[in-house]
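Undergrad: Here is my input; please provide its structure:
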Amino acid sequence: MSAGTGITHSEFNPSPTEPVHFLQIWIIPARAGLPPSYEQKAFPLDERRGQLRLVAAPEGEDGAVTLNENARLFVANLASGEHVAHDIAESRGVWLQVARGIIALNDTEMREGDGAAIENEKRIEIEADTDAELLLFDLA
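TA: Below is the predicted model:
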């Protein structure tokens, strides 16, 4: 969702019995005054199991939803012992958020709810200690 010049919205759990696991993430757009917009897309587990799947990007590249910023958002679901890596281009950084499970980021343990900013690195290595779900933001 892009609030743009103005939008009204709310989040709620429609289930009266099941808890909700919710991450609200804000990315400031590259320019002000954009019209409000909304886009939604499901990314099947098979597309993100054992790999980083691009889910949000400028121009909606590779089937991702459109992001009005020079940023890319990847999601991965890893089984215990699975490994992924991400190369970081010069002058870019990464934010890694652990949504579920326990991982090792370049040999540093991270748990559900933990986040890490990575700068001045060329590559990160991520290994799941337990089944895990993570979000990786590649940022300018």
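
Undergrad: what lines up beside the helix or strand bottoming out on mean pLDDT in the chain in the sheet?
TA: Every helix and strand in the chain was compared by mean pLDDT, DSSP states H and E; the lowest is strand 65-66, with a mean of 92. Strand 65-66 pairs in its sheet with strand 53-57 (parallel), by DSSP bridges.

Undergrad: Going by residue numbers, what spans are helices in this structure?
TA: 45-48 (DSSP state H).

Undergrad: Now do the strands in it.
TA: 53-57, 65-66, 71-78, 83-87, 93-100, 102-105, 108-111, 115-118, 123-128, 132-139 (DSSP state E).

Undergrad: now these in a markdown table, with mean neighbour count and distance to E11?
TA: Heads up, the C-betas are built off the backbone N, CA and C, glycines and all. Formatted as a markdown table, the strands of the chain follow (neighbours: other CB atoms under 10 Å; distance: least, CB to CB, whole Å):
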| stretch | mean neighbour count | distance to E11 |
| --- | --- | --- |
| strand 53-57 | 21 | 18 |
| strand 65-66 | 15 | 17 |
| strand 71-78 | 22 | 18 |
| strand 83-87 | 14 | 29 |
| strand 93-100 | 18 | 16 |
| strand 102-105 | 19 | 26 |
| strand 108-111 | 13 | 24 |
| strand 115-118 | 14 | 20 |
| strand 123-128 | 17 | 28 |
| strand 132-139 | 20 | 17 |
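
Undergrad: Distance to Q40 for those strands - can I get that in TSV?
TA: Below are those laid out as TSV (distance: least, CB to CB, whole Å):
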stretch	distance to Q40
strand 53-57	11
strand 65-66	7
strand 71-78	14
strand 83-87	25
strand 93-100	18
strand 102-105	27
strand 108-111	28
strand 115-118	24
strand 123-128	27
strand 132-139	17
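
Undergrad: separation between N68 and H21?
TA: Here N68 is placed at a distance of 26 Å from H21 (CB to CB, to the nearest Å).

Undergrad: the more surrounded of the two?
TA: N68 (16 against 10; other CB atoms under 10 Å).

Undergrad: I28 is in contact with the more buried one, correct?
TA: No. Contact criterion CB atoms under 8 Å: N68 and I28 do not qualify, at 9.3 Å.
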